[in-house]
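Chemist: missing the sequence, but the structure's below:
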C-alpha cells in the first residue's frame, strides 16, 4: 500500500482553510499531521478534536516529515511562508492571491523550482461543474472563436484583516479579480496585454476599495470586463457569485457558478437561504494538488497561473492611480 501523504496547514487566517481542512480529512491515504497558527484560538478546537499537533511557530512544523503544506495566511505573508516551505523541501498549496507584488511571486516560483517542489495556487473555481463544462464546450469549438467575456465576482465585504491594507495588500479589486481572471486566462490560453480599471469605496466605511470594474485586452485580441466588488449585503443568502458571459463568433455560453442550489424559506431565519447541492470545489482543488504530488506531475494550477491573474489586479491599481490604461509584459 502506498504510504499516506503527510500534510501540514499553516495559518487559518483565511476562512478557506476550514473547507480545505475538511477536504483533507475526507481524502483517503492523507494525514493532516500538524497545524501552525500564531493565533491558537483559531485552530484549538480542530487540533483537540482530531488530536493534531499544534505549532505556534510554523518553522517547527516545517522541521517535521510532512510532504506538503497548505497556506491560508493573510495575503502579505504568502511569499515568506511559501519560500520557507520550499526551502524546507515541502510542496505548497497557497491561497489566492499568490502574492502582493510581481517580484515576490516570481521569487516564490523560482525558489520552489530550485528546491524541486510543486507550487499550486488555490483557485477552486476551476472545479465548479459549470466552469468545467464551459471549458470543454469552448475546446470543442461550440461557440467558435471567443470575442469577449463579461464576468462578475460580487461578494460580501469580509471585514477583518481583508480591509487592512498592511495585511491584505488591497481591497475588493485584488480579492475578487483573481478568481475570475484565472478562469478567463484558462479559457483563452492567452496573456493579458493591457488593463484599465476604475474603483471606489461605495458600500462601506473602510480604508480600501469595495467596488471596481477591470477591463482587459488579451494578446489574442479578446476583450473582457469584470465587476469585482464587495456589494452583497450581509443578508444575502450566500457570500457572492462567479458569473461569466463568454461571447463567441457562433454562440454564447453563460456560466452561473453557484446556480446549483435550492432556495429555502424558514420562519426562524426570516430570510431566504441557499442550500447548495453542487460538487465540492474545494475538495476538487485539494485532490488535484495531492494527486499531482503522488503522480510526480505538474500541479493543475501553477504558480505561474497565480502570477498571471494577480498581475492583472496589481495593474488595475496602477491604472486607477494613473487614470489611464496600463500595459503588461
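Modeler: Structure's in. What do you need? Worth saying up front: this structure is predicted, and the values here are computed from it rather than measured. Numbers count the residues shown, from 1 in each chain.
Chemist: tell me how many other residues crowd residue 178.
Modeler: Residues within reach of residue 178, counting by other CB atoms under 10 Å, total 27. Just so you know, the C-beta spots here come from the backbone N, C-alpha and C atoms, and that holds for glycine as well.
Chemist: element containing it, please.
Modeler: Element membership for residue 178, per DSSP states H and E: helix 172-188.
Chemist: what helices or strands is that helix leaning on?
Modeler: Where contact means 3 or more CB pairs under 8 Å, 6 or more residues apart in numbering; DSSP states H and E, helix 172-188 is packed against helix 129-139, strand 146-156, strand 192-200, strand 211-218, strand 223-232, strand 243-248, helix 303-322.
Chemist: quick one, phi/psi of residue 271?
Modeler: phi -160, psi 160 (degrees, to the nearest 10).
Chemist: how far away is the residue lying closest to it once chain neighbours are set aside from residue 171?
Modeler: On the basis of CB to CB, 6 or more residues apart in numbering, the spatially nearest residue to residue 271 that is not a chain neighbour turns out to be residue 235, at 5.6 Å. According to CB to CB, to the nearest Å, residue 235 stands 22 Å off from residue 171.
Chemist: neighbour count for those two, which is higher?
Modeler: residue 171 (27 against 9).
Chemist: ramachandran angles for the more buried one?
Modeler: Dihedral angles (degrees, to the nearest 10) for residue 171: phi -110, psi -140.
Chemist: surely residue 7 is in a helix?
Modeler: No - secondary structure of residue 7 (DSSP: H, G, I helix; E, B strand; the rest coil): strand, not part of a helix.
Chemist: pretty sure it sits against residue 70.
Modeler: Yes - assessed by CB atoms under 8 Å, residue 7 is found in contact with residue 70 at 6.5 Å.
Chemist: which neighbours do these two share?
Modeler: residue 24 (CB atoms under 8 Å, 6 or more residues apart in numbering).
Chemist: circling back: so the residue nearest to residue 271 belongs to a helix, correct?
Modeler: No - secondary structure of residue 235 (three-state DSSP): coil, not part of a helix.
Chemist: and of the helices and strands packed on helix 172-188, who's closest to residue 110?
Modeler: Among the helices and strands packed on helix 172-188, the nearest to residue 110 by CB to CB is helix 303-322 (9.2 Å).
Chemist: just checking, what packs against that closest one?
Modeler: On a contact count with 3+ CB pairs under 8 Å, 6+ apart, helix 303-322 meets helix 102-114, strand 119-122, helix 172-188, strand 192-200, strand 211-218, strand 326-327.
Chemist: in CSV: the ones you listed, plus distance to residue 55 and mean pLDDT.
Modeler: Formatted as CSV, the helices and strands packed on helix 303-322 follow (distance: least, CB to CB, whole Å; pLDDT from 0 to 100):
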stretch, distance to residue 55, mean pLDDT
helix 102-114, 22, 98
strand 119-122, 21, 98
helix 172-188, 28, 97
strand 192-200, 38, 98
strand 211-218, 37, 98
strand 326-327, 41, 98
